[in-house]
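Trainee: model this:
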Amino acid sequence: MALMFLNGGGMRGGPLHPRLRGAPLVREARTAATYRFYAVDGRYPALAPADPGFPVRGELYDLPLAVLHDDLLPAEPPELELEVIRLEDGTACLGMVLRRPHQLTAELTDISELGGWRAYLERRS
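Mentor: Numbering: from 1, shown residues only. So this is what the prediction gives:
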């Protein structure tokens, strides 16, 4: 099992959530204030390390490694990669971050001040 921070389609109600195969939600959480948060081409969210940064809302799951490897990671956009991130309370966990080359080439909208993907989706609609 691995602690996995999800901040987009893998959260409850999101299109990737069924890929978690019933993995238990540990709690709602926020990242440490060391990330910027982007909408990539308006389609999905991405964390990118930054200083200063903002805390980003999401959900922390206790995810079996087989589910992470076989179900969740294959559904993630190729612009994202798995990395160890830090939560607001100091907890280290896995999370998806924007690959560095894509920080220069992707169409990024900084949504850091909104604090989360759901807030961005609400604002868009």
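Trainee: which residues are contacting the lengthiest helix in the chain?
Mentor: Identified as the longest helix of the chain according to DSSP state H is helix 117-124. Helix 117-124 has contacts (CB atoms under 8 Å, 6 or more residues apart in numbering) with 7, 8, 11, 39, 42, 45, 57, 58, 111, 114. All C-beta spots, glycine's among them, are computed from the backbone N, C-alpha and C.
Trainee: same question, stretch 70-82
Mentor: Residues contacting stretch 70-82 (CB under 8 Å, 6+ apart): 4, 10, 16, 19-21, 40, 43-44, 46, 63, 94-99, 102, 106.
Trainee: Quick one: buried ones out of those?
Mentor: For the contacts of stretch 70-82, a burial check counting by 16 or more other CB atoms under 10 Å picks out 4, 10, 16, 19-20, 40, 44, 46, 63, 94-99, 102.
Trainee: The longest helix of the chain: which residues count as buried?
Mentor: By neighbour count on 16+ other CB under 10 Å, the buried set for helix 117-124 is 117, 118, 120.
Trainee: Please compute how far that helix lies from its chain's middle.
Mentor: 14 Å (CA atoms, centre = their mean, to the nearest Å).
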